[in-house]
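In: I'd like to go over a predicted model; first the sequence, then the structure.
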Amino acid sequence: MGRRASPERRSASLVRPLTPSGTAAGSPDVDRPGLLIFFAPADHPHRDAACATLAWVAAAEGLRFECYYDSFRSGAHYGGGAPWRVNTADLRGGTFTGAHHLEQLLLLAGFFECQAACLGDTAFGGTLSTLGIPIRARSGDIAEFYRELFAGGSGSWPDTLLVIGRGSSPGTSLIPFACHEVTSRRLLAIAEGDPGALEELGPGLRVERLWSPQAGAEPTETAQEATRLLGARTAEMARRLGDRTRAFLLGDSELVGRWIPAAVHNRWAPIFGVPQGELIGDMSESIGATTVVYGRQQDDADFLALSELGVAFQLIDAGRPPFPIIRDLPPARTSPTPEAGPSDEQLRIWSREGRILSTLLFWTGMIRELESVYALADLLSLTGMRAGIVLSTESFRYMPQPPLSLIQVPLELGGLAPRVEPLIASAGIGAMIESAAPPERFAQTLLESVEELVSSLGESGWAPKGWWAVMDAPLHPHRVRRIGVSSRAPFVKLRYPPRRLDSGPGDPAPGGGPADLRSRVRDSPLGRFFEPIRPFDDRRPGRPSRSVLEAVAAAGFEYAFTKAMFGGVSASTTLAGLTVLNQTAGRWDGWTPFVTVNGLVDLRRAERRLLRGHRPGWLAGSLDTCLWAFTGPRWDRSAELKRICQWVAEGGSSGRLINATPGTVARYAKMLSDQGVTAGLDVS
């Protein structure tokens, strides 16, 4: 009997995928790319300075680079607001188990030849040992960490130490925004406030300071002044990158710190300001020269500001995905299962019978929202519901493996095809308020995004045929109601204007005083009866934009779901060969994605309305999936989400609805439109 492999070697062999040539990655005749992964506690003061330092060290050694910050995470959806008014755990992404952090590390270990550097303890300590991944540094002391790191590599010790100040803005840090300064000059970097580290590392090096106050000096700015200074400093640092900038990374220090490896590798310039909309305006020329901004919003008006520049917005979170370098893995090459769907004759029979077809569209198109696909894939599989999953072209790059690739796998193999169809949202690479964007910029971005997706998938016949709008119709003024109605208790709420984002922390008040009255009410039992007025509560959509729909048709799509005429009778039109149909279920949300199904009550209301019409049509609506399936919210809302899916799959309350894929509903809509039995949809 031959000698048994060690547990480490056996475990590593289990996670090695096949390369495109069909050879197992890691086999002797295949050179796997090297990857250095930096692990650090998220609350370590030197995490971002060390991460930026390791980024250039890895590049100098010919390695790719990634980081992972260990912390408690709530798995919540962070939809905006000043970061100091939010629990830090809400800013750090999905939970370890629910967001499949271990699974993603194993995928990386199978594709890359990994090594690690740990600035102290990590939750992955046992896993790294089991996989046999060499650890170049382990110390939580930054000086000792650097000595261990350079002792185990081929790089030379730098001649300059950069001490980076946090700045005096509340709830955020400037340190990660210096990443390009550190990497371009190959500096050894530490955070200010650690005299011991400076004493250990300073001798023999030239010591420079960035954004660092004089020793013992107290900040002289108010909280508001410090916040504005934060925006100016990050903008100035971004300008240093100059023509090398490929895109901008718009976000707070928690987000930027976690995405330092991607920012350095892809030449994204990190910027942050409060409010972000003003920063976008100040840097409009530079931002407008790019195609897409990565980051997260403080206010949904940020979408409008970027859209008016013709720039798409692609939302990410700290830790969503856990390892962004997952984008470099090759896409799954599964042959798609063709969906024949009901015959034209069957559609005509349903039309004569006055039947209502039903489908749901699960909006999960932002990179950060791919976390939702784990729970969603299970739910769609278990309920057997036919539905659409709305994605961006980046979705396929950041989740190249299951569960997203299950939309190409047939049911009998455990997949979701052909019941679940993908649709592409908005500008492809990211989201725009399409009607607000310069028409030529939107058309070009969408077309190039689709062409790149088709090329990367390698199967042009499989490319999604459906398109989904964020807001394809111009927005018109609408009276704001101060009494709000919710689908969940309490069903009636008093609405109030939100405070300015740069008005200061408030919890507690600047200067260390007690929290203000608004904050005390919000945090009391009475808080549930109040809600802020949302950014677009004073707007409603008009007719869909002709230029937007013509661009969608030119990009090769066959059907499109508009946001115009939502929540009413079935209405459709055909433009340049594109079938355009409305969403008959859902309500106005006042923020992106504007119109969604808030609960089963919305679907039941739409069913009653459509059946009362005694004519054929469709029940279609969108769900903002992350509000239901992120690792935090799913514990509160998963039961209702399951009831929604079962309700649709089983024919609604009446049992008379026919569940169908979005593509089938679009075919039905065109047939009904040709027969003249549904309302028309005027374009402008």
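Out: All right, it came through fine. Numbering: from 1, shown residues only.
In: can you give me the helices for the stretch 451-600 of the chain?
Out: Taking DSSP state H, counting those that start in this stretch, the helices of the stretch 451-600 of the chain run over residues 517-522, 546-554, 600-612.
In: and these, which is most packed in?
Out: helix 546-554 (a mean of 21; mean count of other CB atoms under 10 Å). (C-beta placed from N, C-alpha, C; glycine too.)
In: other residues contacting it?
Out: By CB atoms under 8 Å, 6 or more residues apart in numbering, the list of residues contacting helix 546-554 from outside reads 434-435, 439, 442-443, 446-447, 467, 469, 472, 560, 562, 575-578, 580, 683-684.
In: give me that answer again for 7 Å
Out: When contacts are defined by CB atoms under 7 Å, 6 or more residues apart in numbering, helix 546-554 is touched by residues 434-435, 439, 442-443, 446-447, 467, 472, 560, 575-578, 580, 683-684.
In: keep only those of the residues you listed that are in strands.
Out: 467, 560, 575, 578, 580 (DSSP state E).
In: is it true that residue 209 touches residue 163?
Out: Yes: counting by CB atoms under 7 Å, residue 209 does reach residue 163; the two are 4.9 Å apart.
In: who has more neighbours, the two?
Out: In this view residue 209 and residue 163 are compared by other CB atoms under 10 Å, and residue 163 has more residues nearby, 22 against 13.
In: show me what contacts the residue most central in space within the chain?
Out: Nearest to the geometric centre of the chain sits residue 368, at 2.6 Å (CA atoms, centre = their mean). Each residue near residue 368 by CB under 7 Å, 6+ apart is listed here: 315, 316, 317, 320.
In: which pair in the residues you listed spans the largest distance?
Out: Within these, 315 and 320 form the most distant pair, 9.0 Å apart (CB to CB).
In: quick one: which of those two has more around it?
Out: More crowded of residue 315 and residue 320, by other CB under 10 Å: residue 320, with 29 against 26.
In: touching, residue 298 and residue 501? I think so.
Out: Yes: using CB under 7 Å, residue 298 is in contact with residue 501, at 5.7 Å.
In: give me the common contacts of these two.
Out: Common neighbours of residue 298 and residue 501 (CB under 7 Å, 6+ apart) are 82, 274, 275.
In: top of those by neighbour count?
Out: Neighbour-wise, these (other CB under 10 Å) top out at residue 274, 27 neighbours.
In: ok, that residue touching residue 227?
Out: Yes: contact criterion CB under 7 Å: residue 274 and residue 227 qualify, at 4.7 Å.
In: and residue 146, what does it touch?
Out: 188, 201.
In: would you mind measuring from it to residue 178?
Out: Distance of residue 146 to residue 178, computed by CB to CB, to the nearest Å: 17 Å.
In: all strands for the stretch 201-350 of the chain, in order.
Out: Counting by DSSP state E, counting those that start in this stretch, the stretch 201-350 of the chain has strands at residues 206-210, 247-250, 268-271, 292-295, 312-315.
In: could you redo the ones you listed as TSV and give each row distance to residue 106 and mean pLDDT?
Out: Shown next, in TSV, are the strands of the stretch 201-350 of the chain (distance: least, CB to CB, whole Å; pLDDT from 0 to 100):
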stretch	distance to residue 106	mean pLDDT
strand 206-210	38	97
strand 247-250	27	97
strand 268-271	27	97
strand 292-295	26	98
strand 312-315	26	98
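In: would you turn the ones you listed into a markdown table with distance to residue 632?
Out: What follows is those, written out as a markdown table (distance: least, CB to CB, whole Å):
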| stretch | distance to residue 632 |
| --- | --- |
| strand 206-210 | 36 |
| strand 247-250 | 23 |
| strand 268-271 | 26 |
| strand 292-295 | 21 |
| strand 312-315 | 16 |
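In: with respect to residue 232, which of those strands lies nearest?
Out: Comparing the strands of the stretch 201-350 of the chain against residue 232 with CB to CB, the closest turns out to be strand 268-271 (10.3 Å).
In: what pairs with the closest one, parallel or antiparallel?
Out: Neighbouring strands of strand 268-271 in its sheet, by DSSP bridges, are strand 247-250 (parallel).
In: got a list of contacts for the strand it pairs with?
Out: With contact meaning CB under 7 Å, 6+ apart, strand 247-250 is reached by 256, 259, 263, 266, 268-272, 276, 287, 290, 292-295.
In: mind giving me the ChimeraX command for buried ones among those residues?
Out: The ChimeraX selection below is limited to those of those classed as buried (16 or more other CB atoms under 10 Å):
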select :256,259,263,268,269,270,271,272,276,287,290,292,293,294,295
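In: related to what we said a few turns ago, so for residue 417, which of the helices of the stretch 451-600 of the chain sits nearest?
Out: Relative to residue 417, the nearest member of the helices of the stretch 451-600 of the chain by CB to CB is helix 546-554, separated by 23.8 Å.
In: that closest one - what's its average pLDDT?
Out: Computed over helix 546-554, the mean pLDDT rounds to 98.
In: so how far is residue 186 from residue 156?
Out: Using CB to CB, residue 156 is found at 9 Å from residue 186.
In: meant to ask about residue 500
Out: To residue 186, residue 500 is 41 Å away according to CB to CB.
In: these two: who's more crowded?
Out: Under the criterion of other CB under 10 Å, the comparison of residue 500 against residue 186 puts residue 186 first, with 16 against 12.
In: might one say that the more buried one is in contact with residue 158?
Out: Yes: counting by CB under 7 Å, residue 158 is a contact partner of residue 186 at 5.9 Å.
In: shaky segments in the stretch 451-600 of the chain?
Out: Low-confidence regions of the stretch 451-600 of the chain, defined by pLDDT under 70, span residues 459-461, 502-519.
In: now the chain
Out: Using pLDDT under 70, the chain drops low at 1-30, 214-223, 332-339, 459-461, 502-519.
In: and it, what are its domain boundaries?
Out: Domain assignment for the chain, taken from automatic domain parsing, gives 7-232, 344-476+540-680, 483-532.
In: ends of the shortest one, what's the gap?
Out: Taking CA to CA, to the nearest Å, the first and last residues of domain 483-532 lie 11 Å apart.
In: same thing with stretch 307-320?
Out: 24 Å.
In: stretch 311-318 now?
Out: By CA to CA, the extent of stretch 311-318 from end to end equals 22 Å.
In: that stretch: how far from the chain's middle?
Out: Put simply, stretch 311-318 sits 6 Å off its chain's centre (CA atoms, centre = their mean, to the nearest Å).
In: list of residues touching that stretch?
Out: 78, 91-93, 254-255, 258-259, 287-288, 290-296, 303, 306, 366-368, 392, 394, 427, 429-432, 445.
In: filter the residues you listed down to the buried ones.
Out: Neighbour-count burial (16+ other CB under 10 Å) applied to the contacts of stretch 311-318 gives 78, 91-93, 254-255, 258-259, 287, 290-296, 303, 306, 366-368, 392, 394, 427, 429-432, 445.
In: quick revisit: farthest pair in the contacts of strand 247-250?
Out: The span of those, defined through CB to CB, is set by 266 and 276 at 20.4 Å.
In: circling back: and the furthest pair within the ones in strands among the contacts of helix 546-554?
Out: Applying CB to CB across those, the maximum distance is between 467 and 575, 12.1 Å.
In: ok, the two, which is more surrounded?
Out: More crowded of residue 467 and residue 575, by other CB under 10 Å: residue 467, with 29 against 16.
In: residues touching the more buried one, list them.
Out: Applying CB under 7 Å, 6+ apart to residue 467 gives the contacts 423, 424, 552, 557, 560.
In: farthest-apart pair in the residues you listed, please.
Out: Distances among these were taken as CB to CB; the most separated pair is 423 and 552, at 11.2 Å.
In: buried stuff in stretch 623-638?
Out: Buried residues in stretch 623-638, defined by neighbour count with 16+ other CB under 10 Å: 623-634, 637.
In: quick check, nearest of the residues you listed to residue 493?
Out: residue 627 (17.0 Å).
In: can I assume that closest one is in contact with residue 77?
Out: Yes: the pair residue 627 / residue 77 is scored as a contact, 5.8 Å apart, by CB under 7 Å.
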